[in-house]
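*Asks:* sharing a sequence plus its predicted fold:
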Amino acid sequence: MAKTFFIETWGCQMNDLDSQRLSGSLKLRGWQRVDDEHNASLILLNTCSIREKAENKVFSRLGELRERKLERDLRIGVCGCVAQQEGERILARAPWVDFVMGPGNVGHLDEVLAGGKAIAVDFPEDRRYDYLTIDRPSATKAQVTIIEGCNKNCTFCIVPTTRGREISRPFDDVLAEVRFAVETGRVEIELLGQTVNAYRCPATNRDFGALLSAVASIDGVRRLRFMTSHPAEVNNSMIHAMRDHANISRYLHLPVQSGSSKVLRRMKRLYTREKYLEMLQRIREAIPQIHFSTDIIVGFPGETEDDFQQTLSLIEEVRYGSLFAFKYSPRPGTPALRIGEAVDDDIATDRLTRLFALHERIKQERLESYRGKVLSVLVEGPSKHDPSMLSGRTDDNWVVNFVADPSTPLGSMLGVRIDDALHHTLRGEATT
Ligand code: SAM
């Protein structure tokens, strides 16, 4: 049987990177990646369980794959957070699945494939992380995990169950991986973690700010990004590193979840509305051009119209450039299941619609404010909608599609004059 594999990935950047690790590890062992699942002898579903909708998709995909398995010799593995959360229940519900492997076992795929474990949902002490073999899809960008798991225990969130307790990688390992990525052409580095700014070197206790400064100082790192920061872990060391290194993106994703301190307390977010706003003020003073983005949950149990109005007023006050909002989705085993009264689904849908309408106006006003300005843009590739144009991102993380010499190498930094503001993106022409 040909050793061919197909990976389907849902969810966050951590899952994307886990798929790159799985792919690299398989290629090293002589497997070939295919883009058509019909040609694969191994199919991996790298799943997400952050909301119920994401989880349901996995089971409907498994239903389809059952048919494929009747047609030919095929192994099916369920990986990621649904694997971790459901474990053996997946084999009971879909017995045609060959193995179930959680995020803690990404570095142990070879043992799982060798048939040692049909259910691998532990968090092994020796979590292997082989950065030399990561199968990176971009020639100019590299994502680098610096911390796995989450210790925060927000009452709505499944992540601590599916990704385990926090474990940071040694500082020098991270730097070695970044240097290797730069040597192989990557000029843009994105540091990843569920709570990326909780990073602490296990050997030396150096914090996230120290790591940011050290990575930003590596020759060849043209842009440094990171995802996702928790508001309660923001400190001066992190703010000063961003202020002092021009190659650190002027973009900060800082999920607030709600504008009501009452709801934040019930979510166990560890900050109040006032503390959050004060912190943003401090960051703005240090880095005036900062672009804030956020995540919001509407319809958390017990959320009243007044709570929701506070969320709207917070959005108005901060003027987030980007915003991701979701209806609360009850997750198995989380404390929020026992908190307050559920919000009616129609009410939650209506709140989500109003919230997006408000943010749409703010985003358009912000995009319009760039008209006529010249911004520095890191070239990422051809524009998705018009391949005669190039596409890239500004220092503060806006996507710009622009006219330029088509032979411009990817990863170059160009000045681009902004001529137009579209729905989500800017449009312009290179000036350098
Ligand atoms: N670790 C990050 C944090 O806590 O700030 C974010 C991780 S999560 C992958 C991304 C977003 O999904 C969260 O910020 C939250 O807005 C949303 N989310 C998490 N659990 C949810 C739930 N039970 N229902 C709806 N949205 C949820």
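*Replies:* Done, it's in.

*Asks:* flag every residue of the protein that's near the ligand.
*Replies:* By Cβ under 6 Å from any ligand atom, the part of the chain that sits against the ligand consists of 12, 50-51, 150, 154, 156-157, 159, 194-195, 228, 230, 255, 257, 295, 297, 326, 328-329, 331. The way it works is simple: take the backbone N, C-alpha and C, and place the C-beta from them, glycine included.

*Asks:* buried ones only from those, please, as a ChimeraX command.
*Replies:* One line in ChimeraX is enough to select the buried ones among the residues of the chain next to the ligand; burial here means 16 or more other Cβ atoms under 10 Å:
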select :12,50,51,150,154,156,157,159,194,195,228,230,255,257,297,326,328,329,331
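
*Asks:* among the residues of the chain next to the ligand, name the ones in helices.
*Replies:* Under the assignment DSSP state H, the residues of the chain next to the ligand contribute Val159 to helices.

*Asks:* pretty sure Ile189 sits against Glu177.
*Replies:* No: the pair Ile189 / Glu177 is not scored as a contact, 9.2 Å apart, by Cβ atoms under 8 Å.

*Asks:* what's the spacing between the longest helix seen in the chain and its chain's center?
*Replies:* Identified as the longest helix of the chain according to DSSP H is helix 345-368. Helix 345-368 sits 22 Å away from the centroid of its parent chain (Cα atoms, centre = their mean, to the nearest Å).

*Asks:* next secondary structure after that helix?
*Replies:* For helix 345-368, the following helix or strand on the C-terminal side (DSSP states H and E) is strand 374-382.

*Asks:* in this structure, where is pLDDT below threshold?
*Replies:* 1, 116-117 (pLDDT under 70).

*Asks:* repeat that for 80
*Replies:* 1, 116-117, 125-127, 432 (pLDDT under 80).

*Asks:* so which residues of it form helices?
*Replies:* Assigned by DSSP H, the helices in the chain fall at 13-28, 52-71, 80-86, 88-93, 109-113, 159-163, 171-183, 208-216, 236-244, 261-267, 273-286, 305-318, 345-368.

*Asks:* residues in contact with the residue lying closest to Ala198 once chain neighbours are set aside?
*Replies:* Spatial nearest neighbour of Ala198, excluding adjacent residues (Cβ to Cβ, 6 or more residues apart in numbering): Glu233 at 4.8 Å. Going by Cβ atoms under 8 Å, 6 or more residues apart in numbering, Glu233 touches 195, 197-198, 208.

*Asks:* ok, now Leu132?
*Replies:* Contacts of Leu132 (Cβ under 8 Å, 6+ apart): Phe180.

*Asks:* going forward, begin numbering at 50 instead of 1
*Replies:* Noted, 50 is the first residue going forward, which turns the last one into Leu181.

*Asks:* relative to the ligand, how far out is it?
*Replies:* Leu181 sits at a distance of 27 Å from the ligand (criterion: Cβ to the nearest ligand atom, to the nearest Å).

*Asks:* please report how far that residue lies from Arg70.
*Replies:* Distance of Leu181 to Arg70, computed by Cβ to Cβ, to the nearest Å: 11 Å.

*Asks:* likewise Pro209?
*Replies:* 21 Å.

*Asks:* keeping just the C-alphas, turn stretch 451-459 into PDB.
*Replies:* The C-alpha atoms that make up stretch 451-459 are tabulated as PDB, following Å, rounded to 0.1, in the frame of the first residue of the first chain:
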ATOM      1  CA  PHE A 451      -1.100  46.700  -4.100                       C
ATOM      2  CA  VAL A 452       0.300  47.300  -7.500                       C
ATOM      3  CA  ALA A 453       4.100  46.700  -7.600                       C
ATOM      4  CA  ASP A 454       6.800  45.100  -9.800                       C
ATOM      5  CA  PRO A 455       5.600  41.500 -10.000                       C
ATOM      6  CA  SER A 456       9.200  40.300  -9.600                       C
ATOM      7  CA  THR A 457       9.400  41.800  -6.100                       C
ATOM      8  CA  PRO A 458      10.800  39.000  -3.900                       C
ATOM      9  CA  LEU A 459       8.400  37.600  -1.200                       C
END
